[in-house]
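J.: Predicted structure and sequence below. I'll ask about it afterward.
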Amino acid sequence: MENKGLKAEILNVCKQIQKQTIDRLSSTVEDSQKSANEYGCPRDRYDAFRAQLLRQRDMFAQQLQKAVEQLDTLNRISPEKKLDKVEFGAVVTTNKNKLFISIGLGKIVIPFSNHEKVEYYSVSPIVPIYKAMEGKRVGDGFVFNGQKYIIENIF
């Protein structure tokens, strides 16, 4: 698969994961609100259980908002844009691993038509490994956690 197609596939998998997260959190927020509504009005002004239900709903609502913002971040990445240095939106292959600089999703698996699967790590531009390789080009090296990495490909 050519680099542009591979980048589009990686981006698509990340978006699918993020949409699933958003769907799950939306459902959880609705369930939390429903539980609070079913519990009814506060029994007294110190009704800790209802307050706990509402705090839980608010916590999930904050997570949902962050997940939506991360999906918006993914939507800003153009798979067609050719990159020649490590920056936001780049797919970076090193001698030790393959990274997609986007949002912090961790390990993602990209399936290919011949039943082959390739692992990439979706990392945020605020993590230390990105800081170690930021701005580097193909052939450049960097050290992270005492290990030497060589950048083999960027697209």
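T.: Structure received.
J.: Stretch 44-52 spans what distance, first to last residue?
T.: 14 Å (C-alpha to C-alpha, to the nearest Å).
J.: Show me what counts as buried in the longest helix anywhere in the chain.
T.: For the chain, the helix with the greatest residue count under DSSP state H is helix 3-39. Judged by neighbour count (16 or more other C-beta atoms under 10 Å), helix 3-39 contains these buried residues: 6-11, 13-14, 17-18, 21-22, 25, 28-29, 32-33, 36. C-beta here means a position set from N, CA and C on the backbone, and glycine is covered the same way.
J.: Show me what it is packed up against.
T.: helix 48-75, strand 91-94, strand 98-101, strand 106-111, strand 117-123 (3 or more C-beta pairs under 8 Å, 6 or more residues apart in numbering; DSSP states H and E).
J.: Report back the residue of the chain that's furthest from centre.
T.: Relative to the mean C-alpha coordinate of the chain, counting by C-alpha atoms, centre = their mean, the farthest residue is D44 (42.2 Å).
J.: which SSE is that one in?
T.: Counting by DSSP states H and E, D44 is held by no secondary-structure element, helix or strand.
J.: How is this protein partitioned into domains?
T.: Following automatic domain parsing, one gets these domains for the chain: 3-75, 91-154.
J.: Need the distance between the two termini of the longest one.
T.: This points to domain 3-75. Termini of domain 3-75 sit 19 Å apart (C-alpha to C-alpha).
J.: Over to stretch 40-56?
T.: This stretch, stretch 40-56, spans 16 Å end to end (C-alpha to C-alpha).
J.: List the buried residues in it.
T.: L53, L54, Q56.
J.: what's the answer for stretch 88-104, then?
T.: The neighbour-count check on stretch 88-104 (16+ other C-beta under 10 Å) flags G89, A90, V91, V92, T93, T94, K98, L99, F100, I101, S102, I103 as buried.
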